[in-house]
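Asks: here are the coordinates; sequence isn't available:
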């Protein structure tokens, strides 16, 4: 049982350096690193929808990266979260002086839809670069540019995200529903999706009466 | 340049030689004749094969000997949610460790064997009977406790090694519990003895006060 | 340089004139590998327009997984690509292990490689049978392939309990250990397999009709294949050297020396031959594993399957399934159910370039090209 | 690895096999005994009318098996004339009906048998049993299929042209049956003495295309239309090699009548190699050409493009069910028998025995043995070879088969005028081989089939 000590394939640059190179090459691009708290260590690079096409083209064509293979495109639905945090508020304490007061404030973080691209480089055999693109909110502003013109493999996957999550991909050559029939309303994989009519499903054998 | 001799049709002849070999071979030995005429000849299922779950009962009383204690762990963990348990309550409403109703809906059960893995009391095991064809969905394909309960000897019949292993660790479990009970008892006795001893010690010096302390 | 993907498939004829015959192939069609439909426009016998239609077998597996515990989804992964259930199990276990950082004992790693390679063998044999069935060889090759595949399925049944729905891998190892005599039986199957492969090669490789029907049919260049997201034997048939067992070095694949066959022309014949050669490579790995499998525990005792609550975070793990790169992308928010559970289906993404491959070919070729992509509808529609 | 001991829990529902499947040999013996008893009974009853005549004819037939059918026919006619005093025109009519009756019953039985043998042989090629549940070894399977076909509802699609839809199977079956009339089954046993049997055969062969196209066009379905268009192109382009191969034989034997062709193949060389045309170089090439074209003509395996299952569901027969589908099925098989019968007549020496000391077996048995050998060869090819694609099929016919046909005619001429000696053999062999290799290269260039070597990645 010999472990072949052949050349370890080229390691991908750490995300930080890639971000620096992107900022250098595309001054206008707005992207930030989203750390991944889990042990898998796959941090992701969030890019604003406006500059995602330029960043993606750079990542695909630049000699140092050559991410020529987009393996996986995933839609994620983040609901509105009510975040309660303590915030310093100027107020008068019991003795009448103006002092800092700890106060709990409920703040609603608006939810958004997200498309996550996992890019690989077949030429340099380097690991996944996770690209995240977020929409404005979950209702009207759900438009993000499609990356199918750069990687044909995104075509069906983006259609599936449009079908199940409702993200509209601008620039997608053939944006139709992939799995559902065309006259279907609603986007079933959203967290707040109510399936239309429960009674359609036939009753189960033992009709769930309470214990 | 010397073109290789091309004989159109030669490849097809080689292919026909293969089919001829298979056809003649099928008359000699089962390597090239691997189908069996099912209802009459049957393949012996390997021991690990799993089809639908069944409940194991010890001894010969399907009702009393049932190992299942209606803890409803399998009902919670079953992915297609096909198990339905209604635990028994004695007269003053306290849960007894016995299910009155234990149904498995074979229409949706996919024999994935997760119920066996999560059952802490080794009470549900996978059977290898697969001939459950029936005419109605709910009358005959929803197995009730009486249809599900099968004896431990039957379990030894279809899965000998697994059954002996299960019996072994049940035995070990019983012994451990017995020792634990014995140890607890011994500890209790020791505590009582100690309590009695110091009660006696307190009693001997001040004879006047009564033993209000116990 | 990457071809700019914007030049949409080259349309050969104007679709509006009346010489065009539009027929819909499927979903109920003798050779579309399950409920798969294609709307095809024909100019005479040549294909001028082709749009696949999906969704007939959509069971929203991903939404179910979001309502079920991590452990509860494991049996459902068997139903994705029901021809290689053990690879699906391993991919899911791999991504949960990456999400939670659980270690896998040595013997379990060997068991996983052993079962994954056996799955690849029986999957490629079944592929061979179906492709020849599409070409009209009346099921002879199919029955030979199924004869060998049955021996492997019997191994799976005696180990995992079911032939195709194995539900065998757990997070951190495998469910149960090998029964007595299993290794000897496996050794016998692996030793007899080359005889079947030689028989298949004698039946197929030189056959003029097969050669005429597959060489030059459904050609794909390497660059198009990479850009189209093709993976697995489809990609390697176009000459691209990309096998995830060699790239990611997951499991213990770097301990075995096996080679990766590469095609040169990227047509259906190369896809057939690459899979045949891949089977021989798998046999090499199996031979080594059967010799070196160590004793020891198969499941890390402290790894919990039932009430698993992975830490907040996300993970994407992938492996070389028989059909291509099968990946699982999990996002966890510390609750027992995954927040987002995504399967990267190789069959669906390998179909992206189906229209590019079929344009200009005959209607009989469409069946052969679809056969060479080797799709399973359970995985396409999820 | 096939332990078949039964499993404890599956004792419950174990249906017993029916008697025929359990005891095949005894069932078969019972059947044959029943047939003999019934025949003897009928014979005895008829014999009462004119004692000694019928039994005499049967005994005479037993004596000389070679001419048995003719003796029986003559005996029957004589019996009818004496016992029932029928008028001469009645006798003429009954003799025609006797011949038609025997032909239809013999080929009917062979058709039923072949539909079973095909499924059994294909099954054995594919390592499985094949039908063995209906009767001993599945012998009643054709009966079961017939009943199924007859009881199935006969659906005619709404938009279909009713008349065409009904006529199509008939126009396919009738020519196939007619061709059976001119085949020489035995010495002196040619149902219809046509001086131009070969011409008659090719004239009728052409009508099956009309039947296929009527089916395709009549059933108003896209798939069947595509199937019909394909089959027309295929059948016409394979008619020509068929004709060229037959032409060589007609040229050599100097006559168009099958009987003369069979008698031209009489006698033995070196006392054990028969004079069959197939043992001459041009004859062997001609036979291969004829048989391949025959497969294409009857839509058999490598050329079953019109009803290519994987693409066109069932080609021109998609919209047929029930009795009409059974008629199509029968037409295809009878067509195959007819064309195989013709191959036997032209190249395999009709009813001649292959070896002199085998002459005691009656001629007509030899004819059917050779015919069935070719049918089994067709089934064997069907179990092995994938289907050809449309344009390859056409290219193969026009670019390979027809040039080879001309080469065969040339080789036959050379063989004939060289007097059949060794130089003649060598010359005709060369004339056949050279185009074979050259055309092989032409086909290879046109469809580049490279022997490919596969490299492995170095990592």
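Replies: The structure has been received and is ready for your questions. In this text the structure is predicted, and so the values were computed from the model without any measurement.

Asks: Please count neighbours and contacts with C-alpha atoms only from this point.
Replies: Noted.

Asks: Residue D:85 - how many residues pack around it?
Replies: Per other Cα atoms under 10 Å in any protein chain shown, the neighbour tally for residue D:85 reads 12.

Asks: Kindly state the pLDDT recorded for the residue lying closest to residue B:158 once chain neighbours are set aside?
Replies: Closest residue to residue B:158 apart from its sequence neighbours, by Cα to Cα, 6 or more residues apart in numbering or on different chains: residue B:47 at 6.7 Å. Looking at residue B:47, its pLDDT reads 88.

Asks: pretty sure residue B:47 contacts residue C:155?
Replies: No - with contact defined as Cα atoms under 8 Å, residue B:47 and residue C:155 do not form a contacting pair (11.6 Å).

Asks: the more surrounded of those two?
Replies: The residue with more neighbours, out of residue B:47 and residue C:155, is residue C:155; 22 against 19, by other Cα under 10 Å.

Asks: Sketch out the low-pLDDT regions of the chain for me.
Replies: By default, I'm working from chain A. Low-confidence segments of chain A, defined by pLDDT under 70: A:1-10, A:89-101, A:197-211.

Asks: Oops, wrong one, chain D.
Replies: Residues of chain D that meet the cut-off, pLDDT under 70, sit at D:1-17, D:306-314, D:420, D:447-450, D:458-459.

Asks: Select the longest helix from it.
Replies: The residue-count maximum for a helix in chain D (DSSP state H) belongs to helix D:88-125.

Asks: If you count contacts, what does it end up packed against?
Replies: Applying 3 or more Cα pairs under 8 Å, 6 or more residues apart in numbering or on different chains; DSSP states H and E, we find helix D:88-125 packed against helix B:10-25, helix D:68-83, helix D:141-151, helix D:323-347, helix D:363-382.

Asks: And that helix, what's buried?
Replies: D:91, D:94-95, D:99, D:103, D:107, D:110-112, D:114-118, D:120-125 (16 or more other Cα atoms under 10 Å in any protein chain shown).

Asks: show me what contacts the spatially most central residue of chain D?
Replies: Chain D has residue D:337 as the residue nearest its centroid, 1.8 Å off, counting by Cα atoms, centre = their mean. The neighbours of residue D:337, taking Cα atoms under 8 Å, 6 or more residues apart in numbering or on different chains as the test, are D:371, D:375.

Asks: Report the separation between it and chain A.
Replies: Distance of residue D:337 to chain A, given as Cα to the nearest Cα, to the nearest Å: 51 Å.

Asks: again with residue D:203
Replies: The gap separating residue D:203 from chain A is 54 Å, by Cα to the nearest Cα.

Asks: Residue D:298 too?
Replies: For residue D:298 relative to chain A (Cα to the nearest Cα), the value is 44 Å.

Asks: Check whether that residue really touches residue D:334, as I assumed.
Replies: No - if you go by Cα under 8 Å, residue D:298 and residue D:334 don't touch, sitting 9.4 Å apart.

Asks: Look at these two and report which has more neighbours.
Replies: residue D:334 (25 against 22).

Asks: Excluding residues flanking it in the chain, which one is nearest the more buried one?
Replies: Residue D:334 sits nearest to residue D:176 (Cα to Cα, 6+ apart), 5.9 Å away.

Asks: That neighbour: neighbour count?
Replies: 25.

Asks: Hmm, it is touching residue D:329, no?
Replies: No - counting by Cα under 8 Å, residue D:176 sits too far from residue D:329 to count as a contact (12.0 Å).

Asks: Next, the buried residues of stretch A:110-120.
Replies: Under 16+ other Cα under 10 Å, the buried positions of stretch A:110-120 are A:111-120.

Asks: Is it in proximity to chain C?
Replies: No - judged by Cα under 8 Å from any Cα of the partner chain, stretch A:110-120 stays clear of chain C, getting no closer than 8.5 Å.

Asks: what does stretch A:37-53 give?
Replies: Yes - with Cα under 8 Å from any Cα as the criterion, chain C is reached by stretch A:37-53 at A:37-40, A:42.

Asks: Can you add distance to chain B and give these back as CSV?
Replies: As requested, those are exported to CSV (distance: Cα to the nearest Cα, whole Å):
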residue, distance to chain B
A:37, 28
A:38, 26
A:39, 27
A:40, 27
A:42, 30
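
Asks: Rounded mean pLDDT for stretch C:365-382, please.
Replies: In this model, stretch C:365-382 has a mean pLDDT of 89.

Asks: Can you measure across it, start residue to end residue?
Replies: 27 Å (Cα to Cα, to the nearest Å).

Asks: try stretch A:173-191
Replies: Stretch A:173-191 end-to-end distance (Cα to Cα) = 28 Å.

Asks: does chain C sit close to that stretch?
Replies: Yes - residues of stretch A:173-191 are located near chain C by Cα under 8 Å from any Cα, namely A:178-181, A:189.

Asks: circling back: can you pull the contacts of the residue nearest to residue D:334?
Replies: D:204-205, D:331, D:334-335, D:338.

Asks: Looking at these, spot the one nearest residue C:44.
Replies: For the contacts of residue D:176, the closest approach to residue C:44 (Cα to Cα) belongs to residue D:205, at 27.1 Å.

Asks: Alright, I will stop here.
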